[in-house]
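Colleague: A predicted structure for the sequence below; I have some questions about it.
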Amino acid sequence: MVDLIDAALSPWVLSRGDRQSQAVALTFDDGPDELTMDYLDMLDWLDVRATFFLVGQACERHPHAAREIVARGHEVAAHGYTHRPFPHLNGRQLQSEFTQLRDMLPPSSYGRLLLRPPRGMISMGSMFQSIRAGYTTVLWSLDSDDCRTTRVVDVVDRVSAAAPGDIVLMHEGQPWTLEALPQCVYALRMRGVRFQTINRWLNRP
């Protein structure tokens, strides 16, 4: 069913990457925050590039961290301005979210803007407005469940099971997620899995 949805809505909605690429995409929601620099240092040490879905209001609180994500070679994408679920907003409110968020995101070298709706909640109306605003909606195929546990082993077990083509949902601001990252990356590399950003999968520079 996921494949049928991807085929029907491509290039406007992506929930899984290229299975032939032997790569997975690590994605981080809800930042930037106080732990962002620690996440970036860890990813540098692991030599992994990821996609960060940033909240506009969080970018206002941590502008340096938002810019540093791009400076370290990672991809930045949109995760709403206020983090309110899109289906709960009327058309004017949603348009305001898109406009304010675009102004807050640090510039990057990537092409089409990527968007992950807060909590992954979409409706036909919000999807239409997202497309009109020029966004490709990115969901996920593997949830790390790191927002429902504080146990490092739980996160490692979930992420280590990722298959080529998976888009992995993770979150910033959680020390257990940060602690789990080296074990996750090591386990996947032992299986020959590489790491990819979303736009690379979409064959964009």
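Modeller: Sure thing, it's come through. This one's a predicted model, so the numbers in the text were calculated from it and none came from an experiment.

Colleague: and the longest helix that the chain contains, average pLDDT?
Modeller: The longest helix of the chain (DSSP state H) is helix 175-190. For helix 175-190, mean pLDDT rounds to 98.

Colleague: do stretch 82-91 as well
Modeller: The model assigns stretch 82-91 a mean pLDDT of 91.

Colleague: and the residue nearest the centre of the protein?
Modeller: Among the residues of the chain, the one closest to the centroid is residue 27, at 3.6 Å (CA atoms, centre = their mean).

Colleague: what is that residue paired to in the beta sheet?
Modeller: Beta-bridge pairing for residue 27 (DSSP bridges): residue 51, residue 169.

Colleague: follow-up on the earlier one: so which elements touch the longest helix of the chain?
Modeller: The contact analysis (3 or more CB pairs under 8 Å, 6 or more residues apart in numbering; DSSP states H and E) places helix 175-190 against helix 36-46, helix 152-160. Quick note: C-beta positions are derived from backbone N, CA and C, even for glycine.

Colleague: what residues does the residue nearest to the centre of the chain make contact with?
Modeller: The contact partners of residue 27, by CB atoms under 8 Å, 6 or more residues apart in numbering, come to 50, 51, 52, 53, 116, 138, 140, 167, 168, 169, 170, 198.

Colleague: what's the neighbour count on the third one?
Modeller: Pointing back at residue 52 there. Residue 52 has 28 neighbouring residues, counting by other CB atoms under 10 Å.

Colleague: what does the pLDDT read for it?
Modeller: Residue 52 is assigned 96 on the pLDDT scale.

Colleague: how far away is it from residue 177?
Modeller: Between residue 52 and residue 177 the distance is 13 Å, computed by CB to CB, to the nearest Å.

Colleague: how about the last one?
Modeller: Taking CB to CB as the measure, residue 198 and residue 177 are separated by 19 Å.

Colleague: do the second one as well
Modeller: As for residue 51, its distance to residue 177 is 15 Å (criterion: CB to CB).
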